[in-house]
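S.K.: I'd like to go over a predicted model; first the sequence, then the structure.
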Amino acid sequence: MTTPDQIQQQKINRITDEVKRTFFNVSSELAQLQWGLATQTGRGKLDADTNYQLQAGIVDAFQEMSSGLSRILYRLCDDEGGEETYGDGTEVGTKVRHDDWSTDWPHSEFLSDDGAVAEFPYGTTWQPNPLPSYDTADEEDR
């Protein structure tokens, strides 16, 4: 029989799992945006000052989001698995580094070295895993 404490923990896991997955999904998109801005600047389609301002804004947004994730996990659970695993211990997703992508990227001088690109380096794609099912949690909360 499932205890009320176990049901409560499963509800917390479901919430934190969704927060973690969203964090990595958005981080991947922010990294792509940073790479795209640097590429357009390197090709002369965006001026360097505007690129710098936009990159700084993306870095600030990423850092705020990362800080928020840490605060949520600290307040809601004893998250032994960390930010990269779901409550059931499975990985939130997989970062795939493509061997055919050169690390000598021609537009790196226009890229911030902080923010989402630190999480998703050049040539990395993100493949999220499905959210775990917590069968004993109340159906009405899903």
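M.R.: Happy to help now that I have it.
S.K.: what's whichever strand or helix holds Phe23 packed up against?
M.R.: With secondary structure defined by DSSP states H and E, Phe23 is part of helix 4-42. If you count contacts as 3 or more CB pairs under 8 Å, 6 or more residues apart in numbering; DSSP states H and E, helix 4-42 packs onto helix 48-76, helix 116-119, strand 124-128. Bear in mind the C-beta positions are built from the backbone N, C-alpha and C, glycine included.
S.K.: pick the most buried one from the ones you listed.
M.R.: helix 116-119 (a mean of 20; mean count of other CB atoms under 10 Å).
S.K.: what's the mean pLDDT across that one?
M.R.: Mean per-residue pLDDT for helix 116-119: 89.
S.K.: ditto for stretch 42-62
M.R.: 96.
S.K.: can you give me how far it is from the chain middle?
M.R.: 20 Å (CA atoms, centre = their mean, to the nearest Å).
S.K.: which other residues reach that stretch?
M.R.: Stretch 42-62 is touched from outside by 27, 30, 33-34, 37-38, 40-41, 106-107, 109-112, 114-116, 119, with contacts defined as CB atoms under 8 Å, 6 or more residues apart in numbering.
S.K.: can you turn the buried part of those residues into a ChimeraX selection?
M.R.: Those of the contacts of stretch 42-62 that count as buried under 16 or more other CB atoms under 10 Å are selected in ChimeraX with:
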select :27,30,33,34,37,38,40,41,107,110,111,112,115,116,119
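S.K.: tell me the contacts of the residue most central in space within the chain?
M.R.: Nearest to the geometric centre of the chain sits Phe24, at 1.9 Å (CA atoms, centre = their mean). Shown in contact with Phe24 (CB under 8 Å, 6+ apart): Glu84, Val92, Gly93, Trp126, Pro128.
S.K.: and the helix holding Phe23 with helix 48-76, angle?
M.R.: 170 degrees (axes from the mean of the first three to the mean of the last three CA atoms, to 10 degrees).
S.K.: return the set of buried residues in helix 4-42.
M.R.: Residues 9-14, 16-17, 20-21, 23-24, 27-28, 30-31, 33-35, 37-42 are the ones in helix 4-42 that count as buried (16+ other CB under 10 Å).
S.K.: centre of the chain to it, how far?
M.R.: For helix 4-42, the distance to the chain centre is 4 Å (CA atoms, centre = their mean).
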